[in-house]
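**Student:** Task: produce atomic coordinates for the following.
(one chain, ligands or ions: 1)
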Amino acid sequence: MRQIKRIVILTGAGISAESGLGTFRDEGGLWAQHKIEDVATPEAFIRDPNLVHRFYNARRIQAAESKPNAAHDALARLQTGFPGEVMLVTQNVDGLHEKAGAIAIHMHGELSRALCAVCDHRWDAPPEMSVGESCPACQQPTARPDIVWFGEIPYHMEQIIEAIQTCDLFAAIGTSGQVYPAAGFVEEARMAGAATVELNLRDSDMSYAFEEQIVGPASKTVPAWVNRLLG
Ligand code: OAD
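**Tutor:** You can find the predicted model right below:
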């Protein structure tokens with residue numbers, strides 16, 4: 001087995017479930033309560049910006065009130081203690097990796113940030129955004145949540161793919177493997193010869209592609225896995 005010097009970790013909603021934030025596709029999840037096409041597409045924002053803001057305002061407030069759990073803490077510990085590179089890539093927009101002290105690449109944006117739909121300027125979002133809020137750079141009334149919606153291209157893809165192609169170990173934690181491009185990362189990692197491990201409460205749509213599976217709640221499995229890596 002080759003020596004592990006570079007690790008890429010992908011996280012999804014499952015890592016924040018035990019912090020009290022609902023996932024998208026588990027029973028009773030966000031996408032059972034709201035239709036994606038009503039709240040998570042650019043067309044939805046044009047059609048009913050009020051509804052879209054209400055959806056993300058509620059999530060922003062809930063995220064601000066929540067605390068990282070043992071899984072977030074363990075990944076922060078890995079990032080500082082591992083004698084090599086640990087790139088943390090998250091699909092989550094809740095900011096819990098940062099609250100735990102980690103540095104994460106946000107491929108689906110962040111609830112705490114606002115984006116101008118016209119000039120792409122970004123700034124810190126207020127707790128509640130409302131329709132017609134102006135962009136501080138171009139003054140147009142075109143502020144939106146800085147969230148990557150369906151039909152839009154995730155952020156930092158070049159940097160992420162490059163890291164996956166040169167990593168020795170790829171791990172996916174608490175993600176259902178249903179949303180691309182993140183779902184395809186494991187295959188990219190395998191083609192690059194990296195070891196692959198999935199940590200999830202149950203089988204995901206991509207489980208078959210991983211060499212190793214660790215099944216259980218993230219707050220238990222992630223700290224144990226991190227301890228193993230830190231020796
Ligand atoms: P999903 O809701 O699709 O999947 C959550 C995964 O977490 C499932 O595979 C669960 O089995 C697992 N899970 C739940 N509780 C867990 C726990 N305590 N410990 C470990 N695993 C647990 O969420 P994502 O895969 O993150 O995108 O969804 C991907 C993207 O789809 C999201 O970023 C979001 C969504 O639409 C956008 O909004 C752009």
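
**Student:** any idea how far the residue in the chain that the ligand sits nearest to lies from Phe55?
**Tutor:** Proximity to the ligand, evaluated over the chain using Cβ to the nearest ligand atom, is greatest for Gly14 at 2.3 Å. No exception for glycine: its C-beta is placed from N, CA and C like everyone else's. As judged by Cβ to Cβ, to the nearest Å, Gly14 and Phe55 stand 21 Å apart.

**Student:** Looking at the two, which is more packed in?
**Tutor:** Gly14 (25 against 19; other Cβ atoms under 10 Å).

**Student:** what about that one, which SS state?
**Tutor:** Using DSSP: H, G, I helix; E, B strand; the rest coil as the criterion, the local structure at Gly14 reads helix.

**Student:** This structure: helices as residue ranges?
**Tutor:** Under the criterion DSSP state H, the chain contains helices at 30-33, 36-39, 42-47, 49-65, 70-81, 96-99, 157-165, 185-191, 218-230.

**Student:** could these go into TSV alongside mean pLDDT?
**Tutor:** Supplementary listing: the helices of the chain in TSV, determined by pLDDT from 0 to 100:
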stretch	mean pLDDT
helix 30-33	93
helix 36-39	95
helix 42-47	96
helix 49-65	97
helix 70-81	98
helix 96-99	98
helix 157-165	98
helix 185-191	98
helix 218-230	98
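
**Student:** Which among those is found nearest to Cys119?
**Tutor:** helix 42-47 (15.7 Å; Cβ to Cβ).

**Student:** Alongside the ligand, which residues does this structure contribute?
**Tutor:** 12-14, 17-18, 23-26, 29, 40, 91, 108, 148, 174-176, 178-179, 200-202, 204, 217-218 (Cβ under 6 Å from any ligand atom).

**Student:** Generate a PyMOL selection restricted to the buried entries among those residues.
**Tutor:** This is the PyMOL syntax for the buried subset of the residues of the chain next to the ligand, where burial follows 16 or more other Cβ atoms under 10 Å:
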select buried, resi 12+13+14+17+18+23+24+25+26+40+91+108+148+174+175+176+179+200+201+204+217+218
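
**Student:** how close does the residue nearest the centre of the chain get to Phe24?
**Tutor:** The chain has Gln91 as the residue nearest its centroid, 1.8 Å off, counting by Cα atoms, centre = their mean. Noted for Gln91: a distance of 10 Å to Phe24, by Cβ to Cβ.

**Student:** just to revisit the earlier point, got phi/psi on the residue lying closest to the residue of the chain closest to the ligand once chain neighbours are set aside?
**Tutor:** With Cβ to Cβ, 6 or more residues apart in numbering as the measure, Gly174 is the residue that lies nearest to Gly14, at 2.2 Å, once sequence neighbours are left out. Dihedral pair for Gly174: phi 60, psi 40, per degrees, to the nearest 10.

**Student:** Thank you kindly, that will do.
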